[in-house]
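**Q** Build me a model:
(chains A and B, ligands or ions: 4)
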Amino acid sequence: MIGSAAATAGLLVAPLLGEEARKNAAATQQADPNAIPVALDVNGKVHQLELDPRTTLLDALREHLDITGPKKGCDQGACGACTVLIDGRRVLSCLNLAAMNSGKKIVTVEGLAGDGRLQAIQAAFIRNDGFQCGYCTSGQICSAVALIREGRAHSDAEIREWMSGNVCRCGCYLGIVEAVKEASNATV
Amino acid sequence: MQPFDFVREHEVSTAVKAGSRDGAKFIAGGTNLVDLMKCDVEHPTHVVDINAVPLSKVEQVPGGVRIGALVRMSDLAVHPLIVKNFPAISQSLLVSASPQIRNMASIGGNLMQRTRCPYFRELTWTPCNKRNPGSGCSAIEGENRLHAILGTSDACIATHPSDLAVAVAALDGVLTLRGPKGERQVNATDFHLLPGNTPHIEHDLKHGEMITSLFIPDGPHAKRSSYLKIRDRASFEFALTAAAVGLDLDGSLIRSARVAFGGVGTKPWRAKFAEAALGGQRATPDVFRAAAEAEMKSAVAHRQNAYKIELMKRTLVRALSDLAGGVA
Ligand SMILES: Cc1cc2nc3c(=O)[nH]c(=O)nc-3n(C[C@H](O)[C@H](O)[C@H](O)COP(=O)(O)OP(=O)(O)OC[C@H]3O[C@@H](n4cnc5c(N)ncnc54)[C@H](O)[C@@H]3O)c2cc1C
Ligand code: SF4
Ligand code: FES
Ligand code: FES
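**A** Numbering: from 1, shown residues only, chains lettered A, B, ... in the order given. Ligands and ions are numbered 1, 2, ... in the order given. Okay, the predicted model is just below:
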């Protein structure tokens, strides 16, 4: 395995965040002498947190704010399941320290739908079978929102290239490309 | 991850001061540092966030372009000056990593990124001279399909992973560094070091020094340049082989050439022998092949990576043929 391409870009193991990690996080939250204040603006709401500086943005969202849309797939930048928007740009929340994001506007998949209505891309994922298990989907959708804004949805090939940071273990790529195309046409 | 304290600095001077403390490391995009802190390869005790330091400009300056160290890969890739005058730089960025990573990662961090040798990242397994000096190299007798064939030593055969650094090496980039003792310039080709007996020392950057900008000179080679990367899969993968090429042409005559290789060297590999073989020749496939042969004479393969020698030659021939266009 270590000779494989996957190993160099980071293995795609999916540790569906275990008990141990939860306990660690809970412990950090209780009494951490190293904790620093971090204000996170997520989906339009500002949260005042006390975090160990080691906390990634992904762990802050999931473990401290219970915002579980962003998923932990690989925790090393290789899968895109943790994709969120920061100041409108798509980034990986697993390779980012929470403390680096004071003053930034963070949007997760939870923040996309307005007034109880799905965003065009969310509806398009449903219509086009853009997922099976759904583990990668919130990352795919955040990535697709940005891709359409970046103007990178002109052809199937372009969509594939610019969605390449989001891996789908269920292999729903055909549906994903269709969904992005449909939503892109609806947006422009 | 080991505990650390975290500070955000807003000026180069204060960042350098904070970064000069024992155990301090700068953080820019975090895409390499956070990853390596998680696997305990990096364990700084102070992390200095430099993202608020004003180094995010791309400027036309006399003789070339100056790129701030905190410009993001995604922004540099599509910057009009870069697309127009330095296509190899733009292309090398667009085939790097993923859109998300390119939005986060900085130019300074990119040049500083560490090898993807799997043994380097796996503390629990095995010896690695780069991670633990003197412990041995697991790759030389182990899994080495992705490892280097140029610039290797008995101590380390890891490739340098950056695509950008290869284009920068070809186009004569110059880095500006700022440290506690002031500012200095260093050529990109001298910045990354061969492993020799000290593979843990990877660049000419003293502790506390910060990359503030990257200069790339204008010129015919820069303007007619390109980057070709060959990978195991179509996208989001490091290079097996790569070539950054620049040509100064007079009709079909090559006045002079700039060539650097990626995926095959222990550092971004400026291919001086290939350049010498191209200068003054006609742009033909035979000349391109001869240039590739000249550079690869010194290649040393290990058990699983001999394929890279021929693959690299063909990568260069293809890159030069495409760049010379109708001329060849
Ligand atoms: C899954 C994956 C795939 C990737 N694929 C590719 C690829 O195909 N091609 C490629 O080229 N790269 C690839 N990368 C690597 C990526 O480009 C680098 O991680 C990134 O460029 C590092 O920049 P950063 O700003 O995030 O650095 P950071 O992680 O913030 O820092 C990295 C290092 O640089 C130091 N540093 C940062 N800025 C400065 C400065 N101004 N002065 C001095 N030191 C500094 C830090 O102290 C640290 O040691 C990939 C990464 C991942 C995770
Ligand atoms: S090739 Fe270099 S980085 Fe890889 S195991 Fe050997 S010494 Fe370590
Ligand atoms: S969790 Fe896989 S990229 Fe972040
Ligand atoms: S839907 Fe299962 S991983 Fe993408």
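**Q** Give the ranges of residues in chain A that sit below the confidence cut-off.
**A** A:1-31, A:187-188 (pLDDT under 70).
**Q** Contacts only, for B:Phe236.
**A** A:Ala9, A:Ser164, A:Gly165, B:Ala97, B:Ser98 (CB atoms under 8 Å, 6 or more residues apart in numbering or on different chains). Yep, even glycine has a C-beta here, placed from its N, CA and C like the rest.
**Q** How about the residues of the stretch 51-200 of chain B by chain A?
**A** B:51, B:74, B:97-101, B:103-104, B:116, B:118-119, B:122, B:142-146 (CB under 8 Å from any CB of the partner chain).
**Q** Which of those fall within helices?
**A** B:Ser74, B:Pro99, B:Gln100, B:Ile101, B:Asn103, B:Met104, B:Pro118, B:Tyr119 (DSSP state H).
**Q** So is the helix or strand bottoming out on mean pLDDT in chain B next to ligand 2?
**A** Ranked by mean pLDDT, DSSP states H and E, the helix or strand of chain B with the weakest confidence is helix B:118-121, at a mean of 94. Yes: residues of helix B:118-121 contacting ligand 2 under CB under 6 Å from any ligand atom: B:Tyr119, B:Phe120.
**Q** Starting from that helix, tell me the next helix or strand along the chain.
**A** helix B:164-170 (DSSP states H and E).
**Q** other SSEs contacting that following helix?
**A** Helices and strands touching helix B:164-170, by 3 or more CB pairs under 8 Å, 6 or more residues apart in numbering or on different chains; DSSP states H and E, are helix B:87-94, helix B:107-112, helix B:188-191, strand B:225-230, strand B:241-250, strand B:253-262, strand B:269-270.
**Q** any chance of the ones you listed in TSV, plus mean neighbour count?
**A** Output for the helices and strands packed on helix B:164-170, formatted as TSV (neighbours: other CB atoms under 10 Å in any protein chain shown):
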stretch	mean neighbour count
helix B:87-94	25
helix B:107-112	26
helix B:188-191	20
strand B:225-230	23
strand B:241-250	24
strand B:253-262	24
strand B:269-270	26
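**Q** B:Met296: which of the ones you listed is closest?
**A** For those, the distance to B:Met296 is smallest for strand B:253-262, at 9.1 Å, taking CB to CB.
**Q** Give me the angle between that closest one and strand B:225-230.
**A** Interaxial angle, strand B:253-262 versus strand B:225-230 (axes from the mean of the first three to the mean of the last three CA atoms, to 10 degrees): 40 degrees.
**Q** Tell me how many other residues crowd B:Val186.
**A** 17 (other CB atoms under 10 Å in any protein chain shown).
**Q** List the contacts of it.
**A** B:Val186 neighbours (CB under 8 Å, 6+ apart): B:Val174, B:Leu175, B:Leu177, B:Asp204.
**Q** which among the residues you listed end up buried?
**A** B:Val174, B:Leu175, B:Leu177 (16 or more other CB atoms under 10 Å in any protein chain shown).
**Q** Sort out for me which of the residues you listed are in helices.
**A** Short answer: the buried ones among the contacts of B:Val186 have none in helices (DSSP H).
**Q** Kindly state the domain boundaries assigned to chain A.
**A** A:1-30, A:36-111, A:120-184 (automatic domain parsing).
**Q** quick one: contacts for the nearest residue to A:Thr55 once chain neighbours are set aside?
**A** Of all residues not flanking A:Thr55 in the chain, A:Ala98 sits nearest, at 4.8 Å (CB to CB, 6 or more residues apart in numbering or on different chains). Applying CB under 8 Å, 6+ apart, we find A:Ala98 in contact with A:Val38, A:Leu40, A:Leu49, A:Leu51, A:Thr55, A:Thr56, A:Leu57, A:Asp59, A:Ala60.
**Q** now B:Ala77
**A** B:Ala77 makes contacts with B:Ser90, B:Leu93, B:Leu94, B:Arg102, as judged by CB under 8 Å, 6+ apart.
**Q** For the residues you listed, name the two members farthest from one another.
**A** B:Ser90 and B:Arg102 (11.7 Å).
**Q** How about the residues of the stretch 1-150 of chain B by ligand 2?
**A** Of all the residues in the stretch 1-150 of chain B, those lying near ligand 2 are B:Thr115, B:Cys117, B:Tyr119, B:Phe120, B:Cys128, B:Asn129, B:Lys130, B:Cys137, B:Ser138, B:Ala139, going by CB under 6 Å from any ligand atom.
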